[in-house]
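Engineer: any chance you can model this:
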Amino acid sequence: MRFGSLRDLVIGATVALADGTVASSGGKVVKNVAGYDLPKLVTGAFGTLGVITRAIFRLHPLPRETRTISCVTADVREAQRLVLAIQNSKLAHSALQICCEPGAKPRVERFV
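Structural biologist: Take a look at the predicted model:
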């Protein structure tokens, strides 16, 4: 959540198209896009436009420390309300997850 989706992290791609041609777009820096943004287009196409043979990703530094916070809730609706409340707050987190194991109460995990 903190770093965006996969298509936001791909800044360059080389794609092998169905007719055998190789298309390359993007670069090694974030602000290097002119015309169509081919990396974002092929990342969201599920392989229907071609096969990504090379990808250049935007990297983020690892945090100095991480924490995982778990909260057990009474039911799934309570867990959903808790996740929405965390998403709407100003808390900084990298991921949220609802764990529903058979026979156990739902658990919300927040990764900081």
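
Engineer: pairing partners for the helix or strand of the chain with the lowest mean pLDDT, with directions?
Structural biologist: Here the helix or strand of the chain ranked lowest by mean pLDDT, DSSP states H and E is strand 107-111, holding a mean of 78. The pairing partners recorded for strand 107-111 under DSSP bridges are strand 68-72 (antiparallel), strand 95-99 (antiparallel).

Engineer: so how far is Leu41 from Leu59?
Structural biologist: Using Cβ to Cβ, to the nearest Å, one obtains 22 Å as the distance from Leu59 to Leu41. The C-beta positions use only the backbone N, C-alpha and C, and glycine is treated the same way.

Engineer: give me the more crowded residue out of these two.
Structural biologist: Per other Cβ atoms under 10 Å, whichever of Leu59 and Leu41 has more neighbours is Leu41, with 15 against 9.

Engineer: secondary structure class for the more buried one?
Structural biologist: Three-state assignment for Leu41 (DSSP: H, G, I helix; E, B strand; the rest coil): helix.

Engineer: tell me who's in contact with it.
Structural biologist: If a contact means Cβ atoms under 8 Å, 6 or more residues apart in numbering, then Leu41 has Leu49 as its contacts.

Engineer: what separates it from Ala23, distance-wise?
Structural biologist: In terms of Cβ to Cβ, Leu41 sits 10 Å off from Ala23.
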